[in-house]
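Undergrad: Just need the structure, nothing else, for what follows:
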Amino acid sequence: MPEEVIKECSILLNKYVRAKTEATKVKVRNEAFEIMRGYLVLWINSISKRWYKHEDKNTTLSLSWDAFEWCLKYYKLNYNVAPFFYSYTRYFLLDHYGKRENVRIPLEELQTILQQFPNPEYHHFERLLTLYQFRDVIPEDFLPVWDDALLSLDPDRKNRVSQFWRSKKVVGSATSGKGEMQHSIHAYTYNALKKSYVAIIKLILGIKENGKVDKCLKSSKQNITQ
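TA: Now for the predicted structure:
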């Protein structure tokens, strides 16, 4: 955003904050949005594509207005316009996508966002980030066991054997999938790994021994395994 645009927007936004009447606020708000709309669209397109979201033109325009209005709620006099609106637009998108569907956000970027906006509503993300980090160091062949362990904390999936694992037959008495498979892991190894992973996951998520599942697990288990 060029300096002259930043200066013009700053004047309008400060006027918005100082406005005494609703009519003045609406007029100044609309003027500021007309100037900033193109930049908001660029930011939203850049962020959403980085998060594997591809929005059409109309959706992006709608999001730009929603993000702009949301940012205005937190704008204060003489804030640095470009960094403020970019950061808050990115946080708005995190909230927008996170409450509606799965979203793939690079770990480092998610950490940056959460550090900028310490919101109690997202306290569980620190636990989920730890789960991501644990999953990253598990050998690829055993990732399905980790995913089975995580999802087994859901009572409806307690005895789940991963769809991915159906190509690597669990030999012996472990819960098995359907069909013949070419590779194998002994049931003892599978069950021992799964048991240890469950213990680690429970510790990270703060799940008590009575088996009560934390809200963050229920709302985020699909994100972790994708």
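
Undergrad: What is the longest helix of the protein by residue count?
TA: In the chain, with assignment by DSSP state H, the single longest helix is helix 22-50.

Undergrad: list the helices and strands that one packs on?
TA: helix 3-18, helix 57-72, helix 81-98 (3 or more Cβ pairs under 8 Å, 6 or more residues apart in numbering; DSSP states H and E). Backbone N, C-alpha and C define where each C-beta goes, glycine included.

Undergrad: Show me which positions of that helix end up buried.
TA: 25, 28-29, 31-33, 36, 39-41, 43-45, 47-48 (16 or more other Cβ atoms under 10 Å).

Undergrad: OK, contacts around residue 39?
TA: Residues in contact with residue 39 (Cβ atoms under 8 Å, 6 or more residues apart in numbering) are 1, 5, 82, 85.

Undergrad: Does the third one touch residue 10 like I think?
TA: No. Because the distance of 9.7 Å does not satisfy Cβ atoms under 8 Å, residue 82 is recorded as not touching residue 10.

Undergrad: So which of the helices and strands packed on helix 22-50 is nearest residue 105?
TA: Of all the helices and strands packed on helix 22-50, helix 81-98 sits nearest to residue 105, with 7.1 Å by Cβ to Cβ.

Undergrad: Contacts for the closest one next, please.
TA: Contacts of helix 81-98 (Cβ under 8 Å, 6+ apart): 1, 6, 9-10, 13, 36, 39-40, 43-44, 47-48, 51, 53, 63, 66-68, 70-71, 74-75, 103, 105, 110, 113, 116-117.

Undergrad: Phi, psi for the nearest residue to residue 202 once chain neighbours are set aside please.
TA: Distance criterion Cβ to Cβ, 6 or more residues apart in numbering; nearest residue to residue 202, sequence neighbours excluded, is residue 153 at 7.4 Å. Residue 153 adopts backbone torsions of phi -70, psi -20, taken as degrees, to the nearest 10.

Undergrad: and residue 153, how many neighbours?
TA: 20 (other Cβ atoms under 10 Å).

Undergrad: next one: residue 69
TA: Counted with other Cβ under 10 Å, residue 69 comes out at 12.

Undergrad: and if you look at residue 74?
TA: Neighbour tally, residue 74, other Cβ under 10 Å: 11.
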